[in-house]
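Asks: sequence and computational prediction follow.
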Amino acid sequence: MEQAGEALGTQEISEFIIIPSDYISTGIIKRYTLKKEAQTHPATEVYIKSFLTASLLIEKVPPDIITLIVSPLNLEVSRITEQGEIAIEKSNVGNVIIPAIFSLLLSLALMFGATSLISGLGEEKESRLIEVLFSSVSIRQLLIGKILALGIAGLLQVLVWLISAPLILKLASSSFGGFMSSIQLPVNFLILGIIYFVLGYMLFAVLSIGIGAISSSAREGSQLSMFYVMFGFVPLWFSSLLMAFPNSSIWVFMSIFPITAPVQTMLRLGVSDIPAWQILTSIGVMVISITLGLILSIKIFRMHMLMHGKRPGIAELRLNLKNA
């Protein structure tokens, strides 16, 4: 006790435990530590309990039984398919990595697409080039042209990623084998990747049109766009929690909420099977949001794109939309 106390005082050790001679009758042990604690850390309690259990049984129970008593659970989980068969899961970690990487690239593609559209609108507004364009084409034609041009460029980029991913995996598996060869990309992942990029881009584009119209400069528009662009990255910030609880209510909500739906759904596909109703609901909500957003953005664009100087406030926007 004295030697342990001296070692604790000189910080050679951080704590020590004394098992009194009357432990069998009292069940009390004493723990000494330098740190002030409201309660003992659960991990420390587990370690002490395991040590005591093994020590009490060591002369009465075989070692392999002691191991099971100390740690009785080694859980293996299998998934049953709709046909009643045990599903064969391959490289769960590897199958998570690819969707995670694609989700990051998808977030970046959506961000760059939105900021490019806003920057273009801002520059045209500052240089008054937009006034010249309005004399040649209608507002609807101009906006559709801008959205399609950037959308097709982004879609080609995403298609390159999706098509090259299986080829890269095949090449890597032939070179490295093992881990890489067990990674698979389901067809539904590739199809949904394209669908969610198109919907995500359309949603960010209609938001960017409205923001670009009310912004006094390209710089101001880019700053305002960060409020919704950064929401697209939220699923990536909490991806570790998502992998632990992929079907939690908050993740289901984020799979349906339009701004986070594209990235959130692609992440969940890597760690869990998503019910069809959730995917259909997510796509439906995004389509409705895009439609309503496009209607409002065109109205805002028509009223404010040719205005220069002060950016309209929320109250002014509401009044103008009401009277439009």
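Replies: Cool, got the structure.

Asks: buried residues in stretch 152-162?
Replies: Going by neighbour count (16 or more other Cβ atoms under 10 Å), the buried part of stretch 152-162 is 154-155, 157-158, 161-162. All C-beta spots, glycine's among them, are computed from the backbone N, C-alpha and C.

Asks: and the contacts of that stretch?
Replies: If you take Cβ atoms under 8 Å, 6 or more residues apart in numbering as the criterion, stretch 152-162 is touched by 102, 105-106, 109-110, 112-113, 190, 193-194, 197-198, 201.

Asks: distance from the helix or strand containing Thr53 to the middle of the chain?
Replies: Assigned by DSSP states H and E, Thr53 belongs to helix 42-57. Put simply, helix 42-57 sits 38 Å off its chain's centre (Cα atoms, centre = their mean, to the nearest Å).

Asks: could you do stretch 99-119 as well?
Replies: Worked out by Cα atoms, centre = their mean, stretch 99-119 lies 13 Å from the chain centre.

Asks: that stretch - what's its average pLDDT?
Replies: The average pLDDT within stretch 99-119 is 76.

Asks: name the residues of that stretch that are buried.
Replies: 99-100, 102-107, 109-111, 113-119.

Asks: what segments of the stretch 51-200 of the chain are helices?
Replies: Assigned by DSSP state H, counting those that start in this stretch, the stretch 51-200 of the chain shows helices spanning 63-70, 92-126, 129-134, 139-176, 187-214.

Asks: neighbours around Met243, how many?
Replies: Look at Met243: counted by other Cβ atoms under 10 Å, it has 17 neighbours.

Asks: that's a helix at it, yeah?
Replies: Yes. Applying DSSP: H, G, I helix; E, B strand; the rest coil, one finds Met243 inside a helix.

Asks: relative to Leu192, how far out is it?
Replies: The gap separating Met243 from Leu192 is 19 Å, by Cβ to Cβ, to the nearest Å.

Asks: now do Met1
Replies: From Met1 to Leu192 the distance is 65 Å (Cβ to Cβ).

Asks: neighbour count: those two, which is higher?
Replies: Using other Cβ under 10 Å as the criterion, Met1 and Leu192 rank with Leu192 on top: 19 against 9.

Asks: surely the more buried one and Gln264 touch.
Replies: No. Distance between Leu192 and Gln264: 12.0 Å, which falls outside the contact criterion (Cβ atoms under 8 Å).

Asks: excluding covalently adjacent residues, which one is nearest to Ile19?
Replies: Excluding its sequence neighbours, the residue lying closest to Ile19 (Cβ to Cβ, 6 or more residues apart in numbering) is Ile29, at 5.1 Å.

Asks: tally of neighbours for that neighbour?
Replies: Residues near Ile29, counting by other Cβ under 10 Å, number 12.

Asks: report the angle between the helix holding Thr53 and helix 63-70.
Replies: 140 degrees (axes from the mean of the first three to the mean of the last three Cα atoms, to 10 degrees).

Asks: now the element after the helix or strand containing Gly270, going C-ward?
Replies: Here Gly270 sits within helix 261-271, counting by DSSP H and E. The helix or strand immediately downstream of helix 261-271 is helix 276-304, counting by DSSP H and E.

Asks: avg pLDDT for that next one?
Replies: Average pLDDT, helix 276-304: 86.

Asks: how about that helix, which residues are buried there?
Replies: Applying 16+ other Cβ under 10 Å to helix 276-304 flags 278-279, 282-283, 285-286, 289-290, 293-294, 296-304 as buried.

Asks: before we move on, what about stretch 251-264?
Replies: Buried residues in stretch 251-264, defined by neighbour count with 16+ other Cβ under 10 Å: 251-252, 254-264.

Asks: and what of stretch 3-14?
Replies: For stretch 3-14, a neighbour-count test (16+ other Cβ under 10 Å) marks Leu8 as buried.

Asks: just stretch 127-140 next, same as before
Replies: By neighbour count on 16+ other Cβ under 10 Å, the buried set for stretch 127-140 is 130, 139.
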